[in-house]
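Asker: Have a look; sequence and predicted model below, questions after that.
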Amino acid sequence: MSQISITLPDGSIRTVPSGTTVLQVADGISPRLAKAALAGVVGGRMVDLATALDADASVRIVTGDDPDALGLIRHSTAHLLAAAVTNLFPSAQCGIGPATDEGFFYDFVVERPFAPEDLDRIEAKMRDLASQDLPYDRQMWTRDEAKAFFDQRGEPLKVQLIDEKTVGQATVSCYTIKDRDTFVDFCTGPHVPATSRLKAFKLLSTSNAYWKGNAQNQPMQRVYGTAFATEKLLKEHLVRLEEAKKRDHRKIGKDQKLFMFHPWAPGATFWLPKGTTIFNSLSGYMRGVLFPAGYVEVKAPIIFNKALWERSGHWAHYRDNMFLVESENEQMGLKAMNCPGHMLIFGSEVRSYKDLPLRLHEQTALHRNEASGTLSGLTRVRQFSQDDAHCFVMESQIGEEVERILRLIQQVYGDFGLTPEMKLSTRPAEFLGTVDTWDHAEAELKRALTAVGEPFTINDGDGAFYGPKIDFDVVDAIGRKWQCATIQLDYQLPERFDLKYVGADNAEHRPVVIHRAIFGSFERFMALLIEHYAGAWPLWLAPVQMVVLPIADRHIEWAQEVQQALSGAGLRVEIDERVEKIGYKIREAQLQKVPYMLVVGDREVEERTVAVRGRSAGDLGARPLADFLNAALDEVRKKSA
Ligand SMILES: [Zn+2]
Ligand SMILES: [Zn+2]
């Protein structure tokens, strides 16, 4: 039998017979490692423990502590879920069941939606299957055999997946849990070796879904769950989820009367007075940041003739996501992004190199026709607005402009106590333009990222076909990541709109456009802030910054004077004149998380003071009105959290 060389992570080399499995390699290192092993990474690719090695390779054994184990465990648990569902609901058809950043899900076609009791039953069945220590067994079937099998099982979606995903392959891999009777899934793998290795999992919720996420397709039921390597990690995650639930922006938005939705306008927010106040603060804040940075604001139309969308390329590639309307036999489309309108503005006059960079900022509403089933709170909407801008630059200005944008992003996120994580996405396999242009642009972006001193990661090959980009996640108060800002270089749109500027050499040149947003969408950023602050808005954003609480009727006159003085200085002040006990009024203001409560009684009237209570600090003592006013204005200016 021929021998092969296995290189281990510590650099040592072992010679083993060809055909040795990954598990045997682990066992050769130590029986304990073999016991803990979940999978192997061979030549950089994760494989099942049962995989036989037939060539020299580097091998790493994956155990529960390995960062790569999480996806493996979660995906394997998704199979376990599907096995339990098909066992309990024999007519269920399986869709797909991937691991996600938070856990896993699996989509099913079922006769009726799952009820909460169903989840309990399914989870119990999963535990039963896990305790039976059933092996995940990889089998190679011919395409026809696999298709016939799933067809006969009444799983047309699997037949469709095999058709689509294995074109030109003679065989396809299918995984059984124990045997054909327990569960079979078409899957490339890998998985943990047996169901007993899945110890820490929990089903969380169900939702409506569609086959391939398309509302034209079959409705499905999605079951969400999560899984971890240990019970302890699972518990910590569930505590985090509880905390997240308390912070859910949909709940706080309702409690604080910030916004509402109505079935007659799916996915479009009604901003109520308090929500509008915050929205306007954010929008004004952003103007205050962008104008000194050299941006100018524009307002382009909301409805455009399809000619514009044809020119921009959206008609061919994005029409299904747009709201279309007709007028005088002309097809029109609601604006789904600001870029094409800004191209028209740039092209509307002769531009000189002296005009560049030209930075057009716009906050008007955008509409995208998202499937109604996917809409959720402020994070998945159909109508939204962005703190959008397009910076038109000369090729030589790319690096400096991107650096300016990065500094703005640092400044803005800093004001909200958020930390950005930056990711640079580079040239994909299919791209427009020349390798030289791409290399130059990527080098400039890296230089800018380094210049602002933030660590960044590189997603190789993840850029758009028309240019590299930088994406930003922000980490909120409970450690969750939200995708917000983007910086996207674009060589393509100026080409399509034939944009030019006259250079110092008196010749015409093509500008480059940088699409960028810092908040992203106002709606999504608002959701992030609500959950980040858990509804306890810092003073500068709080819709009601302070409430004056007269103890009795005879204190109302001074209370009104206090209110007028504060609101005259630009602060947002309410007064609670109801005939209620002061303790009750304080509790209510506290529940609404109003930053300051100003209690006014006999002594305060006499001394012309206010007794200040902080939302979290409690009793701060009596202070002359003017002192409190100045301190409050100072706190607003500093944007203290
Ligand atoms: Zn699988
Ligand atoms: Zn754009």
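Answerer: Nice, I can see it. Ligands and ions are numbered 1, 2, ... in the order given.

Asker: I'd say residue 330 and residue 305 touch.
Answerer: Yes: if you go by CB atoms under 8 Å, residue 330 and residue 305 touch, sitting 5.9 Å apart. In short, each C-beta sits where N, CA and C put it, glycine included.

Asker: More neighbours: which of the two?
Answerer: Set residue 330 next to residue 305 and count neighbours by other CB atoms under 10 Å: residue 305 wins out with 14 against 10.

Asker: and the lengthiest helix in the chain, what other elements does it pack with?
Answerer: When the chain is parsed with DSSP state H, its longest helix is helix 69-88. The helices and strands touching helix 69-88, judged by 3 or more CB pairs under 8 Å, 6 or more residues apart in numbering; DSSP states H and E, are strand 93-94, strand 104-109, helix 116-131, strand 171-177, strand 183-186, strand 200-210, strand 219-228.

Asker: Redo those as TSV? Include mean neighbour count and mean pLDDT.
Answerer: Below are those laid out as TSV (neighbours: other CB atoms under 10 Å; pLDDT from 0 to 100):
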stretch	mean neighbour count	mean pLDDT
strand 93-94	24	96
strand 104-109	23	97
helix 116-131	16	96
strand 171-177	20	95
strand 183-186	24	95
strand 200-210	19	95
strand 219-228	22	96
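
Asker: what angle separates the longest helix of the chain from strand 200-210?
Answerer: Taking axes from the mean of the first three to the mean of the last three CA atoms, to 10 degrees, one finds helix 69-88 and strand 200-210 inclined to each other by 70 degrees.

Asker: Mind telling me which residue of the stretch 301-450 of the chain is nearest ligand 2?
Answerer: When distances are taken as CB to the ion, the stretch 301-450 of the chain reaches nearest to ligand 2 at residue 339, 3.3 Å away.

Asker: of all the helices and strands packed on helix 69-88, which lies closest to residue 285?
Answerer: Minimum separation from residue 285 across the helices and strands packed on helix 69-88 (CB to CB) falls at strand 200-210, 34.4 Å.

Asker: The residue nearest to residue 602 when sequence neighbours are not counted: what's it in contact with?
Answerer: Closest residue to residue 602 apart from its sequence neighbours, by CB to CB, 6 or more residues apart in numbering: residue 555 at 7.4 Å. Residues near residue 555 by CB atoms under 8 Å, 6 or more residues apart in numbering: 600, 601, 602, 604, 605.

Asker: Which of those residues sits closest to ligand 2?
Answerer: Using CB to the ion, the contacts of residue 555 come closest to ligand 2 at residue 600, 51.5 Å.

Asker: Near ligand 2, which residues of this protein are found?
Answerer: Selection of the chain residues close to ligand 2 by CB under 5 Å from the ion yields 339, 515.

Asker: Domains of the chain: list them as residue ranges, please.
Answerer: Listed by automatic domain parsing, the domain ranges of the chain are 3-62, 69-245, 259-300+335-533, 546-638.

Asker: got any ranges where this structure has weak pLDDT?
Answerer: For the chain, applying pLDDT under 70 flags the ranges 1, 641.

Asker: Might you report the residue contacts of residue 382?
Answerer: 266, 267, 268, 367, 368, 369, 370, 375.

Asker: can you rerun that using 10 Å?
Answerer: Each residue near residue 382 by CB atoms under 10 Å, 6 or more residues apart in numbering is listed here: 265-269, 321, 323, 334, 366-372, 374-375.

Asker: Okay, and which of the residues you listed map to strands?
Answerer: 334, 366, 367 (DSSP state E).

Asker: Just confirm the last one contacts residue 338, I think it does.
Answerer: No: here residue 367 does not reach residue 338: they are 11.9 Å apart, not a contact under CB atoms under 10 Å.

Asker: Now the helix or strand hosting residue 482 - C-alpha only, CSV.
Answerer: Under the criterion of DSSP states H and E, residue 482 resides in strand 481-490. This file holds the C-alpha atoms of strand 481-490, laid out as CSV (Å, rounded to 0.1, in the frame of the first residue of the first chain):
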residue,chain,number,x,y,z
LYS,A,481,-22.9,43.8,15.1
TRP,A,482,-25.0,46.0,12.8
GLN,A,483,-24.0,46.8,9.2
CYS,A,484,-24.2,50.5,8.6
ALA,A,485,-21.8,52.6,6.6
THR,A,486,-20.4,51.8,3.2
ILE,A,487,-17.8,53.4,0.9
GLN,A,488,-18.1,52.1,-2.6
LEU,A,489,-15.8,53.1,-5.5
ASP,A,490,-17.5,53.2,-8.8
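
Asker: Please list all residues in contact with residue 407.
Answerer: Residue 407 is in contact with 293, 448, 451, 452, counting by CB under 10 Å, 6+ apart.

Asker: Can you tell me which of those residues lies closest to residue 588?
Answerer: Once CB to CB is applied, the member of those that ends up nearest residue 588 is residue 293, at 41.5 Å.

Asker: The strand holding residue 482 - contacts with which helices or strands?
Answerer: Contacts defined by 3 or more CB pairs under 10 Å, 6 or more residues apart in numbering; DSSP states H and E place strand 481-490 against strand 383-393, helix 398-415, strand 419-425, helix 435-451, strand 469-475, strand 512-521, helix 522-533.

Asker: That strand - which strands sit beside it in the sheet, and in what orientation?
Answerer: strand 469-475 (antiparallel), strand 512-521 (antiparallel) (DSSP bridges).
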